[in-house]
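Q: after the sequence you'll find the predicted model.
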Amino acid sequence: MISRLIYTFSTSAFASKLEDYKQLVKFRLNLFVVFSAVCSFVIVSGGLFTIEQLLLLASGGFLITGSANALNEVLEKDFDKLMTRTENRPLPASRMSVSEAVLSAGFMFVIGIFILALFNPLAAVIGSAAVVSYAFIYTPLKRVSTIAVTVGAIPGALPVLIGAVAFEGQITSFALLLFGIQFLWQFPHFWSIGWLGFNDYKKAGYKLVPVKEDAPDRGIGLQSTIYTLLILPLIALGYYLGHINLLVLALIATSTLAYSFMGYRLYVRGDNMAAKKLMFSSFLYLPFVLGAILTLNH
């Protein structure tokens with residue numbers, strides 16, 4: 001009986017600690033980041049890769065992303081207490097100490113960068129830049145200016161660059177094409193999330209969207225449309241350089257127009273429903289684009 005109670009308690013404690021670490025590294029977001037890096041690696045490799053390489057890249061990518069996210073939560077723990085969506089994270093809820101989180105972030109960073117260095121030094125350098133820029137530039141800038149969204153889009157797009165560089169060992173025009181698509185994709189994505197969480201973010205002093213009359217400025221819908229449409233000349237250049245074929249060009253162009261229309265709807269309607277549809281469109285857009293390039297670009 002006692003042994004069963006001990007087992008139940010230890011199992012419960014382990015599950016609780018595991019859940020805390022999932023929140024610390026932002027597990028679902030982390031998997032999305034790893035997905036984009038792996039897709040990029042597979043795309044530029046032309047199928048010339050091994051399962052071992054994919055597992056290494058996924059592991060290294062997961063660890064450095066986890067490190068960046070953990071440092072982000074350390075730096076924002078006092079502000080996370082003020083927001084409903086983040087108040088139950090392990091640091092603001094005092095289930096984890098700052099020293100444990102920092103130590104974990106350091107461990108993940110060192111191991112993650114070491115793994116990327118096994119591919120080539122440039123991949124490790126870009127991985128380091130992603131962690132530093134996200135944790136120590138973007139994170140504090142969120143409470144200073146809306147320019148944080150532009151700054152944050154850089155480390156947000158670096159995973160596809162890391163994936164491409166991990167295979168090729170250099171920054172190519174194809175790698176820059178993938179980086180550019182993911183960079184531009186993020187503006188509607190960030191702004192729609194910022195719109196929907198405006199009141200919560202306001203409590204913590206975050207400035208993720210322009211404000212007009214104490215509410216999100218619907219002009220971000222028009223800006224979302226413009227940033228999305230900028231993807232069209234980018235993919236046209238990719239087609240001209242021979243990186244994507246005509247079918248992929250057509251599919252990406254069509255999905256881009258649909259994505260941009262969701263931004264325009266937000267501009268016209270200026271309500272939460274339009275922002276929510278733009279957000280969900282962003283969740284679908286990037287996997288569709290990467291999937292199209294991955295499976296149809298022959």
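A: That came through fine.
Q: what is the least confident helix or strand in this structure?
A: Every helix and strand of the chain was ranked by mean pLDDT, DSSP states H and E. The lowest is helix 2-24, at a mean of 74.
Q: give me the average confidence score over the following helix or strand past that one.
A: Counting by DSSP states H and E, the element after helix 2-24 in chain order, helix or strand, is helix 27-45. Mean pLDDT, computed over helix 27-45, is 95.
Q: do stretch 207-222 as well
A: 88.
Q: could you export that stretch as PDB, CA atoms only?
A: Once non-C-alpha atoms are left out, stretch 207-222 reads as follows in PDB (Å, rounded to 0.1, in the frame of the first residue of the first chain):
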ATOM      1  CA  LYS A 207       3.300  47.200 -27.200                       C
ATOM      2  CA  LEU A 208       2.700  44.700 -29.900                       C
ATOM      3  CA  VAL A 209       0.100  46.600 -32.000                       C
ATOM      4  CA  PRO A 210      -0.400  50.200 -32.800                       C
ATOM      5  CA  VAL A 211      -3.100  51.800 -30.600                       C
ATOM      6  CA  LYS A 212      -5.900  54.200 -31.600                       C
ATOM      7  CA  GLU A 213      -8.400  55.400 -29.000                       C
ATOM      8  CA  ASP A 214      -7.200  52.800 -26.500                       C
ATOM      9  CA  ALA A 215      -7.900  49.900 -28.800                       C
ATOM     10  CA  PRO A 216      -5.900  48.100 -31.500                       C
ATOM     11  CA  ASP A 217      -5.600  50.200 -34.600                       C
ATOM     12  CA  ARG A 218      -7.400  48.500 -37.500                       C
ATOM     13  CA  GLY A 219      -4.700  49.900 -39.800                       C
ATOM     14  CA  ILE A 220      -2.700  46.800 -38.900                       C
ATOM     15  CA  GLY A 221      -5.100  44.900 -41.100                       C
ATOM     16  CA  LEU A 222      -4.000  47.000 -44.100                       C
END
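Q: many thanks, I have nothing further to ask.
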